[in-house]
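**Student:** coordinates only, no sequence provided:
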């Protein structure tokens, strides 16, 4: 089902209220009783941040940058506007002062978006705690599979820290909580981009013991072909099952993603990230998120642009699984 | 007639699609058959710029900054949301490559906004050529007075240059054109903030010969009280007539307005600009604009914030003339 | 009692670990059993912020900027290093995820600093909720006066909002809480710099009803001499009583203080702020704070420099009350 | 023929009026009746831009950055100052408000530079519409070959859009116009760096149907060796013919080229761009340009530096074809 | 004698090699045997800096910014291009690693510029040690008056520090050296803008004992009218004698001059600086300099613009003394 | 021997005085009679810079950035805090105005740090002339080997320029001086990252004739595997001998290291630099330095972060040679 997008060659991309990729607003689409296959929404929340805060302004910045994100992928031969009915639902309510409360609020908001039988949700963060809320909803919509959802996790950090400053909910803990809650299947979780330095050598233990396939950044740099093989194996195990994808923009190097709260040098270049995403094309997605864009540290907007293009590429992954 | 605004203490100001001051969108208001007293719209156009371009991104930046502009003026005792029904009409179509064409396009768009008998228009630029379009519409709505509209013009430049690079339409020519067209009454035009250096000593001749009251920046700095007197005289001559107000943000000093295309050191501070605007409170406005915000030169957003607050103050000028 | 400071003409100001104004660290001073009259400490906390977060990095930025703050005021004839024994106590522990908890933690830390009979405390924020903790300690050290402490409050906002997003503790509520707790005497509270726009016209009601003398920014701009008179009256009422001073850097205009979380155009220039502080010279201080520096929005560091110089000027206020 | 350059070890590179690479000015060289093999000139024009304008300041920024570009390539064993007589002709006249007019003006200016039988022209943009003017002149100087000139086109976009906002001339249309006019031979055109997202899936059709060899960015990332082979084939087909080279700096990733008007994440790193340019060494150039540097988005100047070094590398390509 | 300047309305101000205010280059003027009344030259030197270095890039930045400085002052009724024959001599040779050597080198260079009987010199720094060289030359050209030259010194610092880090030459020592050498007459020296904090309370002693009239910033803020009187007295004492003027841009507040190496909050606004300069109009100048612009701390270029406009205003001071 | 580090999960990384990686200060460690295996110190000096100065602020910026550098390398399986006793010695005295003097001052300071038989020194620059001082001390502590120390030199420049502006000491001459003095063994010197453009084609002659193995950046880009082989050969020749490592951050591309004084496009990405450093793991280090971070050109701090992480990786190289 197509989406009606204004042409940049008639209506300049620097004009108009900035919905994500100039998509129609969800309530306007619903008013016309149109179905929606992908619904994008923002979560302006950074109450789970451990270093530089500011991701609460991430949705606004990613939407602004997305005005220059066009709908067609020549690499995959996909015209997203032809493939999917899409809409922007605006921002979720948030609880700025409590991460645990916020996860619940976002979950409630997202649960009501679109048609549960049809609509997949792409959340734009906010910090990585946002993923826990969106994962819960994706898992519900997928019929609450007892094994949890398969997960592709692209991030500089593994985010399986149990407690920080006495709190169990935060941007470094989304994955441990999601596994504990059963919404993620660690045995079908592939983690890309993790790298040191770490707080302790035990920081990766929980993930490995739970069965996560951790492909660190160093392997990507040293032997990219082996990562392609691992992804192939992951896809084989996945079969036709829907998978959730979460992208923390700090997986990328500070050279292309300076605007993030916990930057770690030595990450993906933008071209490398997009290559990895193309290797995933054709996987059916149950939901997705792009998180941790911190605009106050991104004066040229290159981080937000990268995040917006990555969100586009993520939608293309699913589009490749849904041919016309 | 009041406007329904979300409270920042419930719905954070960093959330939601950024309409100006979080106003409702015009078409939603019209769908509910509500009247609109002030309609704000953007004009993302900078094709009339003579130095740094980039004001095409001005409406987006001013709307973003306006999320932190609250509706009440304690200085004037005005709650704008209680006083006026207001709406954001989004952005005008533009003709990026032709200033003359653009003025026409914007004029057509603005002519159709709201209810001509009720709605006044506040345009957010874009470069100063935008003012010509909005002035034409304000003049039409005012019944095409043969004398032209009275004008308050706050700007570092007088904008009465006849031709630049062979073109008669541009951001330095809006006022000469408006006077020639009869939409502005130069004898009831008050210009604040003009200062050197100028291209030629004759640059102010047209304006003075036409009868504009030019109060240069040096007078403001040297003898502010005398400016207050001049404004009082201007108000006396104005009586109850509606007046148009145009604010070029480069009237302000680059310290508070670095993000503009033709900055001139030695301008108003923000506090001084707001004082001047308060001195105008109670004048009935036929329309207004705030122009020349150039976001690529405004990394901290202080220019856009100043412009957004100034737009709020301008609405308060008119509100003071329309008591509850 | 003097403080030993390295000379910038021997040891460059760009070298060394950056304590505030290159003061000795408190524990080194205590190890030598030296008394301390003013103890400076940082509170890297921004969990009470309602718009741009990031003030958690404020103490580091202010200390960095303070390397170029020299110890002598020619305007007041004071050599601070000769007048006071001073030390930097480092940073307080913080509870990043709970403003209420954080106030308690900071209070506990500050209570133990130096000698309660001698040492006054200057807190470097952090957001304005920090002031509540430092005020409590100043009030305790002052012998818990039942009337509360007199207060000089320099700020763009009155900070008497009862509840934001369901929370009673936050950077907009420090003053209402301090008055409720009895640590501040609203009848001897002078507020400078408040200005619109406000959320509601009632936002100033609590303060006025409680008896705060609110001198808004517009009065400063329009009639500075009258503010001098009000300050004189305030000093007369104060007599020899110790007074607390809290400075929110957003009292200043974004032109000189862009690096803050809730900027409001139209504030003090740096020169005006320093003039106001000189008018206060000779008031005995019970404690003080400088808050709301947000470095991620302050790329040239001018906000941090202003805050550091203002902190120096605040110490000079008290020094003028303690002649050699 | 050598060029006389001041040594940076005697005359610091931060001193002097900034001609490109500190070359002598053309009129001074001509006054001494010296021949000039490469003439560099600027085109401060951005009237064909479709997103962020500002490339009109590109020539100034590239010249500034080029002060630190030294004349020798150890990789190719070339001392450019020994190999070529070079000069900087300053800036072309421009028609800021009309792209079509501007192409003509630049063409007229460039036609008169140096000695048509000897001098090749390197244009520094300005937006990509500049290339059309410089191509026309290169084609004239090459004897107006009926097949058009071979072209190496390094760019994120293919620039074969027919009409944007009703205009046939603009920075996205230079190549379609150049092919239509016959100044470029599409069958001997090699395009490197193109990538999505695109407006429509048909955007590459014109180019492919015309016979352009489009080597997209994804191929470079996935299989760089195959690109080397394609370049070898292109060189074989080229033989000794002169070829024009146009470099749009947005071919590079925003991490190394944030300062451009239509940035697309996922492009070349600087090291990759230079590798590609080294693979072209020894091709005889008929002319060249480096375009789309937008300084207002390049606060650290890394885009301008990259463009300046790339211009140096381009001159080395030709130098490798002209051994001493 | 007039200067031939290109019109910005024909040749855009963003085009061409950036000489100061688009003046002709000195050697071109000399080649045509034209006299030169004012010669501007740059001194890219910062080897005397005590805090943030980088002023070596000042001349380039000020020239860039000066492209938008037009030649006419409406405030004074002066068209500088009609009044004076002016030229840009480019940059002086420098000795980057030795301040004492550099002063000598610059002195030698400046001594040879133009015609000693006619040409006055305006130096663009570079750090304030540059002033010593230019002062020496002005003094020589003035006939080596035994009393030294009268001086107007606008600066946040008095620059009479004897030795820093063991060195007698540096940016904080230019004035003590100039007085010792007899090129400046301290009894006819007026210093504006000095303010604390200072290193020691004795820092102003040398100047006061030598007879300098020090008008601190605090007096300007508190009682501007009294400064006007002091300037009137200074002018009366001066009579028709030529006076040297040196402007350290750090006299201005960091809000309008962030790009400087030793910023001090609380300085002049741009409008105030220009007012002070207008109060000096009509004084005959023996030479002048504008120093301490540090572009790496001035990303929006507002400091360089302010310095360029101030240089224009300084030339107007002298022009007012030389009516047509 | 372990180092006691505060946990970031208890004491936030944005709190506290910023020692390198939150290490204890050396004098506190010495007061407790603890041994120190690695001592880090800063050298705030940039008096040897030939282009953009500002590295004097490098130590402060690297320490600030290092607050987010955690102690464990999962790639090498090393917990640095468990492996080594480490301390931060603060900053060396400097002679800002004389590079030769400064080398001596730093050498004196560093000679006295820790225990000469145990402590290795990591210097944080400052410009590259700092390396000469630290090399001398490392050579002394290594027993003044007559062959000089083996050296790994990672840099965009070879730094064997004999004289610049008449001076023999400077940031481009550290290596020629170190070889002349006999503290470096050129035959066991491996240089990585050198690239053009160069001033003259002879610039690399001294190094090559002296026997340095120069592996230029172009080889890395074209044939990374061959670099691995060269490194293996270097390690074989090295055997168990201690080697010095010097890292000029300009070895990296301006995309990840914009904040440096002499940036050259086309360098290492951060991931590539870290790969090269991992290839060196297990080499015993005699000392090391990380130099040329220039914070005024690094507004997002990504250069300082890269330098801080690289310093961590360098310590890990040695740690891999010292198993628990």
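**Tutor:** Received the coordinates, thanks. Worth saying up front: this structure is predicted, and the values here are computed from it rather than measured.

**Student:** helix/strand/coil for residue A:39?
**Tutor:** For residue A:39, the assignment made with DSSP: H, G, I helix; E, B strand; the rest coil gives strand.

**Student:** measure it to residue C:95 for me?
**Tutor:** 36 Å (C-beta to C-beta, to the nearest Å). In short, each C-beta sits where N, CA and C put it, glycine included.

**Student:** these two: which is more packed in?
**Tutor:** Per other C-beta atoms under 10 Å in any protein chain shown, whichever of residue A:39 and residue C:95 has more neighbours is residue A:39, with 25 against 19.

**Student:** who's the more buried one bridged to?
**Tutor:** Using DSSP bridges, the bridge partners assigned to residue A:39 are residue A:87, residue A:121.

**Student:** dump the residue contacts of it.
**Tutor:** Neighbouring residues of residue A:39 by C-beta atoms under 8 Å, 6 or more residues apart in numbering or on different chains: A:26, A:86, A:87, A:88, A:89, A:113, A:114, A:119, A:120, A:121, A:122.

**Student:** residues near residue A:226, how many?
**Tutor:** Residue A:226 is flanked by 12 other residues according to other C-beta under 10 Å.

**Student:** element containing it?
**Tutor:** Residue A:226 belongs to helix A:224-238 when assigned by DSSP states H and E.

**Student:** buried subset of the contacts of residue A:39?
**Tutor:** Among the contacts of residue A:39, those scoring as buried are A:26, A:86, A:87, A:88, A:89, A:113, A:114, A:119, A:120, A:121, A:122 (criterion: 16 or more other C-beta atoms under 10 Å in any protein chain shown).

**Student:** mind putting those in JSON lines, pLDDT included?
**Tutor:** Below are the buried ones among the contacts of residue A:39 laid out as JSON lines (pLDDT from 0 to 100):
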{"residue": "A:26", "pLDDT": "97"}
{"residue": "A:86", "pLDDT": "98"}
{"residue": "A:87", "pLDDT": "98"}
{"residue": "A:88", "pLDDT": "98"}
{"residue": "A:89", "pLDDT": "98"}
{"residue": "A:113", "pLDDT": "98"}
{"residue": "A:114", "pLDDT": "95"}
{"residue": "A:119", "pLDDT": "97"}
{"residue": "A:120", "pLDDT": "98"}
{"residue": "A:121", "pLDDT": "98"}
{"residue": "A:122", "pLDDT": "98"}
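
**Student:** of the residues you listed, closest to chain F?
**Tutor:** Within the buried ones among the contacts of residue A:39, the smallest distance to chain F is 26.9 Å, found for residue A:122 (C-beta to the nearest C-beta).

**Student:** got a list of what the closest one touches?
**Tutor:** Residues in contact with residue A:122 (C-beta under 8 Å, 6+ apart) are A:38, A:39, A:40, A:41, A:287, A:288, A:289, A:290, A:311, A:314, A:315.

**Student:** what about the helices in the stretch 151-300 of chain A?
**Tutor:** A:174-181, A:205-210, A:217-222, A:224-238, A:270-279 (DSSP state H, counting those that start in this stretch).

**Student:** got the contact list for the first one?
**Tutor:** Applying C-beta under 8 Å, 6+ apart, the set of residues contacting helix A:174-181 from outside is A:128-132, A:135-136, A:148, A:151, A:153, A:158-162, A:168-169, A:184, A:186, A:189, A:206-207, A:210.

**Student:** so where is chain A shaky, pLDDT-wise?
**Tutor:** Chain A contains residues with pLDDT under 70 at A:324.

**Student:** what parts of it come near chain F?
**Tutor:** Applying C-beta under 8 Å from any C-beta of the partner chain, we find that chain A lies next to chain F at A:50-51, A:161, A:163-165, A:194-201, A:203-204, A:216-218, A:221-222, A:253-256, A:258-259, A:262-269, A:297-299.

**Student:** three-state assignment of the residue in the stretch 1-150 of chain A positioned nearest to chain C?
**Tutor:** Residue nearest to chain C within the stretch 1-150 of chain A: residue A:53 (3.8 Å; C-beta to the nearest C-beta). Of the three states, residue A:53 takes coil under three-state DSSP.

**Student:** ok, it - contacts?
**Tutor:** Counted by C-beta under 8 Å, 6+ apart, residue A:53 has contacts A:46, A:261, A:294, C:46, C:53, C:54, C:56.

**Student:** list the contacts for residue A:257?
**Tutor:** With contact taken as C-beta under 8 Å, 6+ apart, residue A:257 is in contact with A:249, A:250, A:263, A:267, A:302, A:303, A:306, A:307.

**Student:** for residue A:10, grab phi and psi.
**Tutor:** Phi and psi for residue A:10, reported as degrees, to the nearest 10, are phi -120, psi -50.

**Student:** next one: residue A:262
**Tutor:** Torsion angles, degrees, to the nearest 10, at residue A:262: phi -130, psi 70.

**Student:** same deal with the one 5 residues further on?
**Tutor:** Recorded main-chain torsions at residue A:267 are phi -90, psi -170, according to degrees, to the nearest 10.

**Student:** and residue A:81, by the same measure?
**Tutor:** phi -70, psi -30.

**Student:** against residue A:82, how distant is the nearest residue to it once chain neighbours are set aside?
**Tutor:** In space, and not counting its chain neighbours, residue A:81 is closest to residue A:71: 4.1 Å by C-beta to C-beta, 6 or more residues apart in numbering or on different chains. Distance, residue A:71 to residue A:82, by C-beta to C-beta: 8 Å.

**Student:** higher neighbour count, the two?
**Tutor:** residue A:71 (28 against 16).

**Student:** distance of the more buried one relative to chain F?
**Tutor:** 28 Å (C-beta to the nearest C-beta, to the nearest Å).

**Student:** quick one: that residue and residue A:84 touch, right?
**Tutor:** No: the criterion here is C-beta atoms under 8 Å, and residue A:71 misses it with residue A:84 at 9.6 Å.

**Student:** what sits in contact with each of these two?
**Tutor:** Shared contacts of residue A:71 and residue A:84, counting by C-beta under 8 Å, 6+ apart, come down to residue A:3.

**Student:** circling back to that earlier point, if we ignore the residues flanking it in sequence, what's nearest the residue of the stretch 1-150 of chain A closest to chain C?
**Tutor:** Nearest non-adjacent residue to residue A:53, counting by C-beta to C-beta, 6+ apart: residue C:53, 3.8 Å away.

**Student:** residues of stretch A:216-231 that come out buried?
**Tutor:** Quick answer for stretch A:216-231 (16+ other C-beta under 10 Å): A:216, A:217, A:218, A:219, A:220, A:221, A:222, A:227, A:231.

**Student:** can I get those residues in a markdown table including distance to chain B?
**Tutor:** Shown next, in a markdown table, are the buried residues of stretch A:216-231 (distance: C-beta to the nearest C-beta, whole Å):
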| residue | distance to chain B |
| --- | --- |
| A:216 | 34 |
| A:217 | 30 |
| A:218 | 35 |
| A:219 | 37 |
| A:220 | 33 |
| A:221 | 33 |
| A:222 | 38 |
| A:227 | 37 |
| A:231 | 36 |
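
**Student:** and of those residues, the nearest to residue C:7?
**Tutor:** Among the buried residues of stretch A:216-231, residue A:217 lies closest to residue C:7 (C-beta to C-beta), at 47.2 Å.

**Student:** hmm, the closest one is touching residue A:156, no?
**Tutor:** Yes: here residue A:217 reaches residue A:156: they are 7.5 Å apart, a contact under C-beta under 8 Å.
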